[in-house]
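> Pasting the sequence and the predicted coordinates here, then a few questions.
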Amino acid sequence: MKTLAKQYWLVALLLICTAFSSKAQTPFPNVTIQDIDGKSIQVKDIFHKNEITIVSLWATWCTPCQNELDELNDRDLKSKGIRLIAVSEDDARTVGRVKSLANGKSWNFDVFLDPNNDLKRALNVGPLPFLAVVKDNSILYTKSSYTPGSEDELIKTVEKLK
């Protein structure tokens, strides 16, 4: 009988621990990427304390990625206290297009390069586009794919997380 009671307590303890651990936020992976000019930088050095940052993984060949970034660029996120950064997942064959595309679109956010897809792999991301909302180096929210108008819902979600 005592063994059965111990088993119940152990199960209860495991359930409580699981409930609390599921609420834990996932740390954003710290890998080396590059700034738009090809200089290496650690991801942890990109984030600012107490700042909500939307990290977009995109590529020059991904039309939905560019459409989403265009729409987010038009939303004036800075005035809402939200920072946007875009990390290109273009590989060695297409990474040369990133800077001219970003400049041509007059995006008003920082663009970084991940030519080895280290960040994409560390985040276990499938198809692009992919967004992560980050605060204090913790992932608060993620979203895959893009449909027109979804940026409004994203902004509402981010504002609730502030």
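Alright, I've got the coordinates. Residues are numbered from 1 along each chain as shown.
> Report the central residue of the protein.
residue 132 (2.4 Å; CA atoms, centre = their mean).
> On the three-state scheme, that residue is what?
Three-state call for residue 132 (DSSP: H, G, I helix; E, B strand; the rest coil): strand.
> quick one, what contacts it?
28, 54-55, 57, 123, 139, 141-142 (CB atoms under 8 Å, 6 or more residues apart in numbering). All C-beta spots, glycine's among them, are computed from the backbone N, C-alpha and C.
> Let's see that with 7 Å instead.
The contact partners of residue 132, by CB atoms under 7 Å, 6 or more residues apart in numbering, come to 28, 55, 123, 139, 142.
> any chance of the residues you listed in a markdown table, with distance to residue 78, secondary structure and neighbour count too?
Putting those into a markdown table (distance: CB to CB, whole Å; DSSP: H, G, I helix; E, B strand; the rest coil; neighbours: other CB atoms under 10 Å) gives the following:
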| residue | distance to residue 78 | secondary structure | neighbour count |
| --- | --- | --- | --- |
| 28 | 20 | coil | 23 |
| 55 | 15 | strand | 23 |
| 123 | 24 | coil | 19 |
| 139 | 21 | strand | 16 |
| 142 | 22 | strand | 14 |
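> from these, which is closest to residue 36?
Residue 36 has its nearest neighbour among the contacts of residue 132 in residue 55, at 15.2 Å by CB to CB.
> who touches the closest one in this structure?
85, 87, 131-132, 134.
> Got a quick ChimeraX command for the buried subset of these?
Buried residues within the contacts of residue 55, by 16 or more other CB atoms under 10 Å, are selected in ChimeraX with:
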select :85,87,131,132,134
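> Put together TSV for the contacts of residue 55, with distance to residue 44 on each row.
As requested, those are exported to TSV (distance: CB to CB, whole Å):
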residue	distance to residue 44
85	13
87	14
131	19
132	14
134	11
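> And the furthest pair within the contacts of residue 55?
87 and 134 (11.6 Å).
> Let me know the closest of the contacts of residue 55 to residue 119.
residue 87 (5.9 Å).
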